[in-house]
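**Q** Test case, fold it:
(one chain, ligands or ions: 1)
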Amino acid sequence: MTEKKYTLTDHQSGTELELPCYDPTLGPSVLDISSLYGKLGVFTHDPGFGATSCCESNITFIDGEKGVLVYRGYPIEHLAEQSSFIEVCYLLLNGELPNADQLAEFDESIRTHTMINESLLRFFNGFHHNAHPMAMVTGVVASMSAFYHDSTDIRNPAHRDVFAHRMIAKIPTIAAAAYKHSLGQPFIYPRNELSYCGNLLNMFFSVPSADYEVNPIAEEALDLLFILHADHEQNCSTSTVRMAGSSGTNPYSAIAAGISALWGPAHGGANEAVINMLEQIGDASQISKYIAKAKDKNDPFRLMGFGHRVYKNYDPRAKIIQAMCHKVLQNMGQENAVLLELAQELEQIALKDEYFVEKNLYPNVDFYSGIIYRALGIPTSMFTVMFAIARTVGWVAHWAEMVADPTSRIGRPRQLYNGPGLRDYTAIFDR
Ligand code: SDX
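**A** Purely as a prediction, here's the structure:
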């Protein structure tokens, strides 16, 4: 990083403070304000961290103005077209694309770590059948810390690797168990001969009483969706994993914290909310009514799947998913073509409306993904779980990057306090 300098002046005292500014490989320079409080006795204030760099990272870069997303320097369009989710996992974790031997070894390691402890499987029987799958997945992932004491020395690189492989390999099995529990169907064990996505589909949809064959179009669509959802810089859930992990907690607990954050409708829960919204709109004749609701300050309704903290242009992932929608619907789930047409009509109308144009609100990754999940036969309540499966590798990569950084320390933001000034306690009969 080259260093530029900025000078901050306190006009009351005339004190001047020189602040170093670092230039990154890609994106905006960052101003190092860590000396600010010590030198000038003031904090910075940036609720929601819209203009705050919280760490140095080599994993993912986003250019919100241009709609650019790269994993370890590789454009998402290249990876979507030429790579596989397992290869992208290797890239995110290790920083480089694997050669054939490295990929085969990594793929074999993931395939042979997919089973979970039988006692962990029994946890699901403690949930009511109508428990939300995200609640089950969060609880069971957090409970993994009770089972894997042999790989939780987070300062040991070998333990970090074992954790990474275990977490990526087991999250589909946990997700499938949550789904089967909600159906009242028996759990389906993972199969080592199947691909990552083929195995997931088999655990979701096969039953002991009938043969099941993985649909290659469904397998390809899932693999693409997982590549697109794998990582996204310092988003809410990834920042949560970093914050939780910065205390030195068990890595499984840090991932569980990330799953909790992802569940919110403003974040990963939006894919479920988009389908619910499209069904609420019903048909194109109602679109203008809901666009008006989305623009009405007094109406809490928002166009789910639209807008983004970083992208002030089209989310590059949304474009790729929309194209995959057409391919999937041609081969399966034709009844969902109505939803796709409604979504596309909604997008066209919104993108011509000055409210959305002036606020730079475009479809994001969640706007079309639910239509594919729906066509694959995955219920709406499982959509955010699908997001969590894919994002697990991103959370693990950022956690490992932070823990391996010798300069990293516990996250502890400050605040702008506007509560009551100092006052003495008064006895109850004096109040
Ligand atoms: C994800 O960060 C990531 O990278 C996340 C993610 C990832 O891969 O990890 O990309 C995944 O979470 C995608 C986002 C999914 N969420 C949704 O689709 C929910 C709907 N979108 C919004 O709630 C909203 O756009 C956010 C939460 C995504 C972004 O919110 P910001 O950046 O805090 O923006 P804001 O709420 O301050 O909105 C700015 C303006 C406001 O109007 P004004 O107060 O300026 O008048 O735009 C309006 C908002 O009211 N606005 C919307 C809107 N989104 C923003 N108005 C109507 N519908 C919307 N969807």
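**Q** wait, what's in contact with the residue of the stretch 1-150 of the chain at minimum distance from the ligand?
**A** Nearest to the ligand in the stretch 1-150 of the chain, going by C-beta to the nearest ligand atom, is residue 48, at a distance of 5.9 Å. Just so you know, the C-beta spots here come from the backbone N, C-alpha and C atoms, and that holds for glycine as well. Neighbouring residues of residue 48 by C-beta atoms under 8 Å, 6 or more residues apart in numbering: residue 309.
**Q** what's the spacing between it and residue 240?
**A** 14 Å (C-beta to C-beta, to the nearest Å).
**Q** What are the boundaries of the helices in the stretch 201-350 of the chain?
**A** 216-229, 236-245, 251-262, 270-281, 287-295, 316-331, 337-352 (DSSP state H, counting those that start in this stretch).
**Q** How about residue 189: what's its closest non-neighbour residue?
**A** residue 115 (6.8 Å; C-beta to C-beta, 6 or more residues apart in numbering).
**Q** Could you check how far the one you found is from residue 159?
**A** 20 Å.
**Q** With residue 135 instead?
**A** For residue 135, the distance to residue 159 - C-beta to C-beta - is 29 Å.
**Q** can you pull the contacts of the nearest residue in space to residue 274 that is not next to it in sequence?
**A** In space, and not counting its chain neighbours, residue 274 is closest to residue 305: 4.0 Å by C-beta to C-beta, 6+ apart. Contacts here follow C-beta under 8 Å, 6+ apart; on that basis residue 305 touches 270-271, 273-274, 277, 363-364, 366-368.
**Q** Next, give phi and psi for the residue nearest to residue 189.
**A** phi -80, psi 150 (degrees, to the nearest 10).
**Q** Give me the neighbour count for the residue in the chain positioned nearest to the ligand.
**A** Closest contact between the chain and the ligand, by C-beta to the nearest ligand atom, is at residue 307 (2.4 Å). Using other C-beta atoms under 10 Å, the number of residues around residue 307 comes to 21.
**Q** Next: residue 67.
**A** Other residues close to residue 67 by other C-beta under 10 Å number 19.
**Q** Now it. Nearest residue, chain neighbours left out?
**A** Nearest non-adjacent residue to residue 67 (C-beta to C-beta, 6+ apart): residue 313, at 3.9 Å.
**Q** my read: that neighbour touches residue 65, true?
**A** Yes: with contact defined as C-beta atoms under 8 Å, residue 313 counts as touching residue 65 (6.2 Å).
**Q** interface residues of the stretch 251-400 of the chain facing the ligand?
**A** Within reach of the ligand by C-beta under 6 Å from any ligand atom, the stretch 251-400 of the chain has these residues: 266-268, 270, 294, 302-310, 359, 361, 364-366.
**Q** Next SSE downstream of the lowest-mean-pLDDT helix or strand in the chain?
**A** The weakest-scoring helix or strand in the chain, judged by mean pLDDT, DSSP states H and E, is strand 3-9 (a mean of 85). Using DSSP states H and E, the helix or strand that directly follows strand 3-9 along the chain is strand 16-22.
**Q** partners of the helix or strand following that following strand in the sheet?
**A** Downstream of strand 16-22, the next assigned helix or strand under DSSP H and E is strand 30-31. Sheet pairing of strand 30-31 (DSSP bridges) gives strand 16-22 (antiparallel).
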